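[1] Fold the stuff below for me.
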Amino acid sequence: MTTASSIQSVDPRIFTHILTINGGSSSIKFALFDATNAPRRTLQGSIERIGLAGATFQAKGPDQADNFSRPVSASNHTEAVGMFMDWIEKRSGHRALAAVGHRVLQGGPKYYKPQRITAEMVTELNRLSPFDPDHLPEEILLTEAFHRRFPDLPQVACFDTAFHHDLPRVAQQLPIPRRYEAQGVRRYGFHGLSYSFLIEELARLAGPEVAQGRVILAHLGNGASLAAVRHGKSVDTSMSFTPTAGVPMSTRSGDLDPGLVWYLARTENMSAKQFNEMVNLQSGLLGISETSSDMRDLLKNEARDVRAAEAVALFCYQVKKWIGAFAAALGGVDTLVFAGGIGENAPTVRARICDGLEFLGIELEEKRNAANEGVISTEHSQVAVRVIRTDEELMIAKTVCQVLGLGGKNKKEN
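    Just a heads-up that it's a prediction; the model follows:
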């Protein structure tokens, strides 16, 4: 792994592309950006269902050879990333790459600012693996695999907790014995790359004054969370020490009574590991519906399946409650932003979430909402309700440019 003393600036005249990597527990998502000036996406794709039957490798790009979806054998992340690196090197040659930017879910209290990956950082991230055993080990593996194959290629860690690092202390502390705080146990919050992008995009679309106001961001996808933002800074967020907390998600439970751990240990002899698997992989929309973790399936079936209807209702109800709570934390709300796969594409869900929030000044315009327009509130709504398509990969690419001084519009001032 590259040491701090060996860091050198990258010459954009020779190296032109940034590769972004978003590693999950069973997937690797990637995108390629031309970094000659401001980052411009030229390719994207993923390897899905790693370690499961039916693994697929898919890509979408400008050339016919870059557009495919094919089954692959990927029994683990090592095999998957090896296959991916073979493909990317054959496609364009690693010498065309200026850097690799990694979404790293968690860096603990020490690492949160985006920075060049070093051996010291990797050691600390390995130590922090118990913070997030479902994501961190694979994310570390990806950085090490790239270093072994391309030892001179700069790699930058973009931490998903960075946006929430400076939460007010009252929002940061967890109400458990104080001694655990010294071990780094606190509210971290996640989806930070998405929230950073959304605030930048809100400022571009509506003006800096709007982005500096009282804003509630709702990133609703397979993983779902909300953030309360004032003066462009996070003041509270629904996810906590792990991404399992907050609102119900596709397969994650969201907030639960912690007494369930002891109850299920006594009644079903459930271990801590089994409980963790249940609340992360078997709960949320999937657990309530017993049929699907996909909101699209549930909306299609809710009229004839009460379980699907109840899953949708629970999701909308819990998101609505968090909006109310964050309005209280902010002392009111000026802008509500929906993003993520559900937030951007499910008008019915947005309408049900906002129904009953008129007392906060939230009023949706039915036709605008149905059309997924950028502004879906009425002209008389006191709160502007927006739909903004988030782009975590672009945020990673822009961050890498800033850290390494790449690109005409992103190059650091000397």
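
[2] And the helix or strand hosting residue 227, what does it pack against?
    Per DSSP states H and E, residue 227 falls inside strand 224-230. With contacts taken as 3 or more CB pairs under 8 Å, 6 or more residues apart in numbering; DSSP states H and E, strand 224-230 sits against helix 192-206, strand 214-220, strand 233-237, helix 306-330. Heads up, the C-betas are built off the backbone N, CA and C, glycines and all.

[3] Just say which of those is most tucked in.
    strand 214-220 (a mean of 26; mean count of other CB atoms under 10 Å).

[4] how many degrees apart are that one and strand 224-230 in direction?
    170 degrees (axes from the mean of the first three to the mean of the last three CA atoms, to 10 degrees).

[5] which strands and helices sit next to strand 214-220?
    Packed against strand 214-220 by the contact rule (3+ CB pairs under 8 Å, 6+ apart) you find helix 192-206, strand 224-230, helix 306-330, strand 335-339, helix 340-345.

[6] On the three-state scheme, residue 255 is what?
    Following DSSP: H, G, I helix; E, B strand; the rest coil, we place residue 255 in the coil state.

[7] For it, which non-adjacent residue is closest in space?
    Using CB to CB, 6 or more residues apart in numbering and skipping residues adjacent in sequence, the residue nearest residue 255 is residue 245, 5.8 Å away.

[8] Distance check, the one you found against residue 318.
    Distance from residue 245 to residue 318, counting by CB to CB, to the nearest Å: 12 Å.

[9] Quickly list what's touching both of these two.
    Taking CB atoms under 8 Å, 6 or more residues apart in numbering as the contact rule, the neighbours common to residue 245 and residue 318 are residue 254.

[10] Show me where this protein has its strands.
    Per DSSP state E, the chain carries strands over the ranges 17-23, 28-34, 40-48, 56-60, 68-71, 97-104, 115-116, 155-159, 214-220, 224-230, 233-237, 335-339, 384-387.

[11] could these be laid out in JSON lines, adding distance to residue 205 and mean pLDDT?
    Output for the strands of the chain, formatted as JSON lines (distance: least, CB to CB, whole Å; pLDDT from 0 to 100):
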{"stretch": "strand 17-23", "distance to residue 205": "23", "mean pLDDT": "94"}
{"stretch": "strand 28-34", "distance to residue 205": "22", "mean pLDDT": "95"}
{"stretch": "strand 40-48", "distance to residue 205": "19", "mean pLDDT": "95"}
{"stretch": "strand 56-60", "distance to residue 205": "26", "mean pLDDT": "96"}
{"stretch": "strand 68-71", "distance to residue 205": "33", "mean pLDDT": "96"}
{"stretch": "strand 97-104", "distance to residue 205": "24", "mean pLDDT": "96"}
{"stretch": "strand 115-116", "distance to residue 205": "29", "mean pLDDT": "98"}
{"stretch": "strand 155-159", "distance to residue 205": "23", "mean pLDDT": "98"}
{"stretch": "strand 214-220", "distance to residue 205": "12", "mean pLDDT": "98"}
{"stretch": "strand 224-230", "distance to residue 205": "15", "mean pLDDT": "98"}
{"stretch": "strand 233-237", "distance to residue 205": "19", "mean pLDDT": "98"}
{"stretch": "strand 335-339", "distance to residue 205": "10", "mean pLDDT": "98"}
{"stretch": "strand 384-387", "distance to residue 205": "8", "mean pLDDT": "98"}
